[in-house]
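A.B. asks: one predicted model, sequence on top.
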Amino acid sequence: MSNREIKIGVAGLGTVGSGVINLLKKNEKEIRKKSGFDIKIQCVSSKNKNKKRNCDISNLNFYSDPLEMIENEDIDILVELIGGETEAKDLVLKSLKKNIHVVTANKALIALHGNELSKSIDDSRCDLYYEASVAGAVPIIRVIKESLNANDINWVAGIINGTTNYILTEMLKSKKDFDLVLKEAQDLGYAEADPTFDVGGIDAAHKLTILSSLCFGIPLDFNSIYIEGIEDIELDDLNYAKELGYSIKHLAIGRKNNNGIELRVHACLIPEKRLLANVDGVRNAVVVSSDAAGPTLYYGAGAGSLATASSVTSDIIDVSRKILSASNNSVPFLSYQNNQLKTKKILDIGNITSRYYLRIRVSNKPGVLADITKIFGKKSISIESILQKEDLINDENVPIVLVTHEVLEKNIVDALKDIENLEVVKGKIIKIRIEEL
C-alpha cells in the first residue's frame, strides 16, 4: 500500500463508536508518529442518521444498514460496535468472507459464537480482534495472548463488571440498600434500564468464557460457567465482612486443579489486604497467576467512551500493521493454535472446595446454635469463627454469622438445606464463598 493508508468502517455509533471516532481524530498525529500510517474513517453505520451524537460524522459515508455498508464500501477493517448477537454475527461473518478484517468490543458475540467465528477466520486469512470485549481499557487479552504466552497459567480472577463493583462499593460507603444504590447507578448511567445482565452475573460470565479459553486452551463454552449475581447481598453482609477483615466483591474465577477446571462467577469475601479487595467503584481489575511470572495484576477503567475506544483503536492499529506488512503470521484468535484447543473437564460447582461466610437469621432462644452446629458436625463441617452482635441480644430474631473452614460445596449445600428446615431459622441463609487469592 503505497500511500500507507488504512480505510475503516464503523458499525454502531453509541458510546464506544463515538469514542473511537473522537480518539482517532484527537490522537491522529500521535498514532501516525507511532505507526507510520494514516487511519481513515471512510464510512459509518447506525439506525438513525440524525440522532444527536458526541462525534462529527458529517463528512463520512452513512448507512442505516451495516451489511449494505460492507457490500458497497472498499474498506480494510470493519469496527463492529452494534452489540447483540444475531446481526453482529451476520455482519462479522460476511466481513470475513469478503476478506475484511474485524475489530469488535462485543463480548457476547465472542463468548457465544467465537468457535464458529474462529473457523471463518482460518478460511478468510483475516483477523478478528476483540481486546475491548473484556475489561474496557485494561489490555488483559493482549497480555494473555502475547506477554504471558511463555507461561502455563494456573488461575485467573477478576472484577470485570463495573456496575456490580460500583453497587457493592456504594452500599458500604453510603450505608444504603441494594435497590436504592441500583437506582442511583441507573441514574448515573452505570447500570442499564434492565440491569439483569450486570447484577445477575451474565456480563461477567461472557467475559470469563473468553478469559478461560485464552488461559487454559479450551473451546469457548458459556454454558459451562456457574453464575450467581449480587441481588441477595445485603448491607448487613458488607458490614459483617468488614468487621471480619474482608471486602465483598463480585468475581469471575477460572482455576485449574488436579480434577479439572473451575469456572464460576459469584460474590466472594476477599481479605482486605489483597489488591482486588481495594478496587472500588466502576473500575475493573484482573489477576493472572502463571508458573513463571507468578501473580500479576491489571487494573483500570472497565468502561466509558474513550477508555473502551482506547482498546478498540489499539486493535485497529495492530491489524493495520499486519495489513501493511503483508504478514500472515498473526497471534492465534484464542491464544492457542486452533488444533491445540482441547475440551477439558469443567468441575461442577458442587465439587469445588472453599471456606464460607454464612448469615443465618434465627429465633432468639437458648440452644439454637447447638442445633445448627450439630447439623454441621454430621456433614463434617467445622466452624472457624462465630459472630453474634451483643446489641441485638433482646431482639426476637437475631443474625448468627459463621465462617467455616474449607469444605466441599455440596456438603455445605446439604447442611444448609437441613438448617433452613429448622423451625428456629427464619428465611433464606446467605452463603458467600471466601477467596484468599
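C.D. replies: Here it is on my side, so go on. Residues are numbered from 1 along each chain as shown.
A.B. asks: show me where the stretch 151-300 of the chain has helices.
C.D. replies: Ranges of helices in the stretch 151-300 of the chain, per DSSP state H, counting those that start in this stretch, are 162-174, 178-187, 196-199, 202-216, 235-243.
A.B. asks: for the first one, packing partners?
C.D. replies: Counting by 3 or more Cβ pairs under 8 Å, 6 or more residues apart in numbering; DSSP states H and E, the packing neighbours recorded for helix 162-174 are helix 178-187, helix 196-199, helix 235-243, strand 246-257, strand 283-290. For glycine as for every other residue, the C-beta is placed from the backbone atoms N, C-alpha and C.
A.B. asks: rerun at 10 Å
C.D. replies: Taking 3 or more Cβ pairs under 10 Å, 6 or more residues apart in numbering; DSSP states H and E as contact, the helices and strands that helix 162-174 lies on are helix 178-187, helix 196-199, helix 202-216, helix 235-243, strand 246-257, strand 260-271, strand 283-290.
A.B. asks: to residue 434, which of these lies closest?
C.D. replies: Closest to residue 434 of the helices and strands packed on helix 162-174 is strand 260-271 (Cβ to Cβ; 4.5 Å).
A.B. asks: so which elements touch that closest one?
C.D. replies: strand 153-159, helix 162-174, helix 202-216, strand 226-227, helix 235-243, strand 246-257, strand 353-363, strand 430-434.
A.B. asks: and if we set it to 7 Å?
C.D. replies: Here strand 260-271 is seen to pack against helix 202-216, strand 226-227, strand 246-257, strand 430-434 when contacts are counted using 3 or more Cβ pairs under 7 Å, 6 or more residues apart in numbering; DSSP states H and E.
A.B. asks: what residues sit buried inside it?
C.D. replies: With burial defined by 16 or more other Cβ atoms under 10 Å, the residues of strand 260-271 counted as buried are 261, 262, 263, 264, 265, 266, 267, 268, 269, 270.
A.B. asks: let me have these in a markdown table, extended by distance to residue 33.
C.D. replies: Conversion of the buried residues of strand 260-271 to a markdown table gives the following (distance: Cβ to Cβ, whole Å):
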| residue | distance to residue 33 |
| --- | --- |
| 261 | 43 |
| 262 | 45 |
| 263 | 42 |
| 264 | 44 |
| 265 | 41 |
| 266 | 45 |
| 267 | 45 |
| 268 | 44 |
| 269 | 47 |
| 270 | 42 |
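A.B. asks: rewinding a little: tabulate the helices and strands packed on helix 162-174 (a markdown table), appending mean pLDDT and distance to residue 372.
C.D. replies: As requested, those are arranged in a markdown table below (pLDDT from 0 to 100; distance: least, Cβ to Cβ, whole Å):
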| stretch | mean pLDDT | distance to residue 372 |
| --- | --- | --- |
| helix 178-187 | 96 | 26 |
| helix 196-199 | 96 | 30 |
| helix 202-216 | 98 | 32 |
| helix 235-243 | 96 | 17 |
| strand 246-257 | 97 | 21 |
| strand 260-271 | 98 | 20 |
| strand 283-290 | 98 | 35 |
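A.B. asks: deepest of those, which one?
C.D. replies: Each of the helices and strands packed on helix 162-174 was assessed for mean neighbour count using mean count of other Cβ atoms under 10 Å. The highest is helix 202-216, with a mean of 26.
A.B. asks: how confident was the prediction at residue 360?
C.D. replies: Among the per-residue scores, residue 360 shows a pLDDT of 96.
A.B. asks: could you do residue 154 as well?
C.D. replies: 98.
A.B. asks: over to residue 36?
C.D. replies: 89.
A.B. asks: residues in contact with the closest residue to it other than its chain neighbours?
C.D. replies: With Cβ to Cβ, 6 or more residues apart in numbering as the measure, residue 4 is the residue that lies nearest to residue 36, at 6.5 Å, once sequence neighbours are left out. With contact set as Cβ atoms under 7 Å, 6 or more residues apart in numbering, residue 4 has these partners: 36, 37, 38, 324.
A.B. asks: what helix or strand is the last one on?
C.D. replies: Take DSSP states H and E as the rule and residue 324 turns out to sit in helix 305-325.
A.B. asks: just checking, what packs against that helix?
C.D. replies: The helices and strands touching helix 305-325, judged by 3+ Cβ pairs under 7 Å, 6+ apart, are strand 5-11, helix 15-26, helix 28-35, strand 77-80, strand 101-104, strand 128-129.
A.B. asks: swap in 8 Å and give it another go.
C.D. replies: On a contact count with 3+ Cβ pairs under 8 Å, 6+ apart, helix 305-325 meets strand 5-11, helix 15-26, helix 28-35, strand 38-45, strand 77-80, strand 101-104, strand 128-129.
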